[in-house]
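Q: any chance you could fold what I've pasted below:
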Amino acid sequence: MPPKKRDKELESQKTPRTDQIQADHELFLQAFETGISISKLVVHERKNVKESQNSLWISSQINIRKADGEK
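A: Below is the predicted model:
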């Protein structure tokens with residue numbers, strides 16, 4: 001028995017629907033791609049700041065201990 005006309009119409013509707021979903025998904029990813037890279041940069045910069053602050057703190061503590069030891 002040949003497929004009914006209605007079945008053929010349903011099959012033809014499925015393909016564009018899938019293509020549309022994939023296109024929407026790609027646009028969604030592109031929209032957030034720059035935001036993610038910016039947030040990674042911010043986290044990286046914060047990490048660098050914390051490292052420099054830690055090294056400054058350590059050096060200040062060493063200087064304080066040296067000064068206390070000299071007295």
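Q: so where's this protein shaky on pLDDT?
A: Across the chain, residues meeting the criterion (pLDDT under 70) sit at 1-16, 34-36, 41, 44-53, 70-71.
Q: what helix or strand does residue 61 sit in?
A: Using DSSP states H and E, residue 61 sits within helix 5-70.
Q: residue 58: neighbouring residues, count only.
A: Applying other C-beta atoms under 10 Å, we find 10 residues neighbouring residue 58. In this view, the C-beta of every residue, glycine as well, is placed from N, C-alpha and C.
Q: so how far is residue 65 from it?
A: Remark: distance between residue 58 and residue 65 (C-beta to C-beta, to the nearest Å) = 11 Å.
Q: what about residue 18, neighbour count?
A: Counted with other C-beta under 10 Å, the neighbours of residue 18 add up to 9.
Q: repeat for residue 55
A: The local packing count at residue 55 equals 10, with neighbours defined by other C-beta under 10 Å.
Q: how near is residue 66 to residue 20?
A: When C-beta to C-beta is the yardstick, residue 66 and residue 20 sit 70 Å from each other.
Q: go on, residue 39?
A: In terms of C-beta to C-beta, residue 39 sits 29 Å off from residue 20.
Q: got it, and residue 65?
A: Using C-beta to C-beta, one obtains 67 Å as the distance from residue 65 to residue 20.
Q: go on, residue 31?
A: According to C-beta to C-beta, residue 31 and residue 20 sit 16 Å apart.
Q: residue 30 now?
A: Distance, residue 30 to residue 20, by C-beta to C-beta: 16 Å.
Q: now swap in residue 37 and tell me
A: With distances taken as C-beta to C-beta, residue 37 is found 27 Å from residue 20.
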